[in-house]
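>>> pasting the sequence and the predicted model now:
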Amino acid sequence: MIRVGKIVATHGLTGSVIMTHVVGNSLWLKKEQPLYIEMQKGSYIPYFVSQVKASSDKEYLVSLEQIEKIEAAKKLVTKQVYVDETILASYAANSPLLWIGFSVIDQHYGAIGVIDDVVQTGKQWLARIIYQNKEVLIPLIEQTIEKLDLKKKTLFTLLPEGLIEIYLDA
């Protein structure tokens, strides 16, 4: 599963929710698709979409089959939302936000770790990884990315020599 966003608010009295997402395109979510909501760390509950309306390329107004009252919807606010990676296969290659949870294997350093988060600085993306108990930021640019394996959730890189040592020596 790939984390795609978060429930940020309720909408109306019938249990609809507002979901922000990081896919960058509002065409991927369809009626009857399951959204997996992380109710507790590592516990994903499937909810099926009964209605969906894109507010923007970053936000949806969603009604879920199992949620019919505002009280039930309030329990979902602030929860992370995931979908099956096959739904987003065509979008994931172009969106580093969907690479959270991917393993990073570098040609020089070997297995570095798992991408905890990604941040955008200007037009460049950085992946946050914990390596040897230190936070490391690696650039997600064409020159450092060798291959992206969506099925295995693995990013293969060729990082500049000395980049990791900068963080370890700090």
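Good, I have the coordinates.
>>> Three-state assignment for E32, please.
When classified by DSSP: H, G, I helix; E, B strand; the rest coil, E32 comes out as coil.
>>> wait, it sits on P46?
No. Look at E32 against P46 with Cβ atoms under 8 Å: they stay out of range, at 11.7 Å. (Each C-beta comes from the backbone N, C-alpha and C, glycine too.)
>>> in terms of neighbours, single out the busier of these two.
P46 (13 against 9; other Cβ atoms under 10 Å).
>>> which helix or strand contains the more buried one?
strand 43-56 (DSSP states H and E).
>>> list of residues touching stretch 159-167?
Outside stretch 159-167, the residues that touch it by Cβ atoms under 8 Å, 6 or more residues apart in numbering are 106-109, 112, 131, 134-138, 144.
>>> report the distance from stretch 74-81 to the chain centre.
Centre-to-centre, stretch 74-81 and its host chain are 15 Å apart (Cα atoms, centre = their mean, to the nearest Å).
>>> can you give me the buried ones in that stretch?
Residues of stretch 74-81 classed as buried: 76, 79, 81 (neighbour count, 16 or more other Cβ atoms under 10 Å).
>>> is it true that the second one touches I37?
Okay, so that is K79. Yes. Between K79 and I37 there is a contact at 5.0 Å, judged by Cβ under 8 Å.
>>> about what we covered before: so which elements touch the strand holding P46?
Helices and strands touching strand 43-56, by 3 or more Cβ pairs under 8 Å, 6 or more residues apart in numbering; DSSP states H and E, are strand 34-40, strand 59-64.
>>> angle of the longest one against strand 59-64?
Interaxial angle of strand 34-40 relative to strand 59-64 (axes from the mean of the first three to the mean of the last three Cα atoms, to 10 degrees): 90 degrees.
>>> partner strands of strand 34-40 and their direction?
Sheet pairing of strand 34-40 (DSSP bridges) gives strand 43-56 (antiparallel), strand 80-83 (antiparallel).
>>> only alpha carbons, please: show the longest one as CSV.
Same thing as strand 43-56. Coordinates of each C-alpha in strand 43-56 appear next as CSV, following Å, rounded to 0.1, in the frame of the first residue of the first chain:
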residue,chain,number,x,y,z
SER,A,43,-3.7,-1.2,11.3
TYR,A,44,-5.4,-0.4,8.0
ILE,A,45,-9.2,-0.5,7.7
PRO,A,46,-10.8,-0.6,4.2
TYR,A,47,-13.5,1.9,3.5
PHE,A,48,-15.2,1.9,0.1
VAL,A,49,-15.9,5.2,-1.7
SER,A,50,-19.6,5.7,-2.4
GLN,A,51,-19.2,9.3,-3.8
VAL,A,52,-16.2,11.3,-4.7
LYS,A,53,-15.8,14.9,-6.0
ALA,A,54,-12.4,16.5,-6.7
SER,A,55,-12.2,20.0,-5.1
SER,A,56,-8.7,20.5,-6.6
